[in-house]
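Student: just to be clear, the model below is a prediction. Sequence and coordinates:
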Amino acid sequence: MRRVWAVSLLMLFSLPVLGDGPAATIRFLSQSEAREALTTGAERRYYARLQLPEMRAKTGLALQNMTLEAAREQVREAYGARAEEFSADEQAALRDIVTALQPSLRTRAPLYARTPWVFIKVDATIEGGLPHTRGENIVLSDALLARVVQVRAKGASGAPVSLWNLLVHEQTHVLQRHHPELFANLYTQSLGFRQVALAPAPPWLIERNVVNPDAPRSLPAAFQDLSALPDFVRAFPLQDELFHPNEISAGLLAAIITGSGIEHPEHPLWNKTRAWADQALR
């Protein structure tokens, strides 16, 4: 097993890391810009798909004695109201992480290196405090940013690779949204999925739908416990977030690009994904 790890890591991560090249483009939206990005334009459609149970879970609002449309409007207003300003320390910490990432991105995934990093800060009550994306923006909670600042304040020689992994994972969702055809080839040719057209969902299923903010689009579908399907679980080296190819591929690509989070390195899907990335992410 030790030998397999060594060989696999050498195959995946022995690429040279170039030190020279253009700097990353990084933007931090102000509170007013973030409010607009989260609640207007194309992003307004996000709220039109939300159902009461998930709205309560994602915001902590009671949403009692009101129509579904009124609840959606209250939630939309809450997302905008809970946008926050980045502090100077938060901006500096994120800049350090992205700047440290840039040489690896230029070498292993140049498309990432050319893509702007646009950040939004929100209160931790939004989306359960989990990092996510909306449009071209990576949305981070104040609680997560506080931890990032603490790490930087300790004076470590560099950001933990786990933070690299997190940001690359989220930036992958931005790229999935911008380049759906590109990633469709990864899903069908490498990951083994088939693209199908879904029949209209019945009302009882629509009411239980959960909208993933990282998905390019959301369609209701029948649910099954995927962990109970051994063949499906064995098809992927990472066991987290197997519920959608967007999440599966984000986990794989973040691990490949950062070198962090490699599990079952002997699994053939690592090299299949690496081969796709070498061609598609130039």
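Tutor: Okay, I see it.
Student: and the strands in the stretch 151-282 of the chain?
Tutor: Along the stretch 151-282 of the chain, no segments are classed as strands by DSSP state E, counting those that start in this stretch.
Student: who's in contact with stretch 224-238?
Tutor: Contacts with stretch 224-238, where a contact means CB atoms under 8 Å, 6 or more residues apart in numbering, come from 191-192, 239, 242-243, 248, 251-252, 255, 261-265, 267, 269-270. Glycine gets a C-beta too; all of them are placed from N, C-alpha and C.
Student: what does stretch 38-54 give?
Tutor: 37, 58, 63, 68, 71-73, 75-77, 79-80, 83, 120, 122, 134-135, 139, 206-211, 213, 218.
Student: please repeat the previous calculation with a cut-off of 7 Å.
Tutor: Residues outside stretch 38-54 that contact it (CB atoms under 7 Å, 6 or more residues apart in numbering): 37, 63, 68, 71-72, 75-76, 79-80, 83, 120, 134-135, 207, 209-211, 213, 218.
Student: taking the mean pLDDT, what do you get for it?
Tutor: Stretch 38-54 shows a mean pLDDT of 94.
Student: for ChimeraX, what selects the buried ones among the contacts of stretch 224-238?
Tutor: A single ChimeraX command selects the buried members of the contacts of stretch 224-238 (16 or more other CB atoms under 10 Å):
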select :191,242,248,251,252,255,261,262,265,267,269,270
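Student: where in the protein is the helix or strand with the lowest mean pLDDT?
Tutor: helix 2-13 (a mean of 31; mean pLDDT, DSSP states H and E).
Student: I'd like the next helix or strand past that helix.
Tutor: Per DSSP states H and E, the first helix or strand lying C-terminal to helix 2-13 is strand 26-28.
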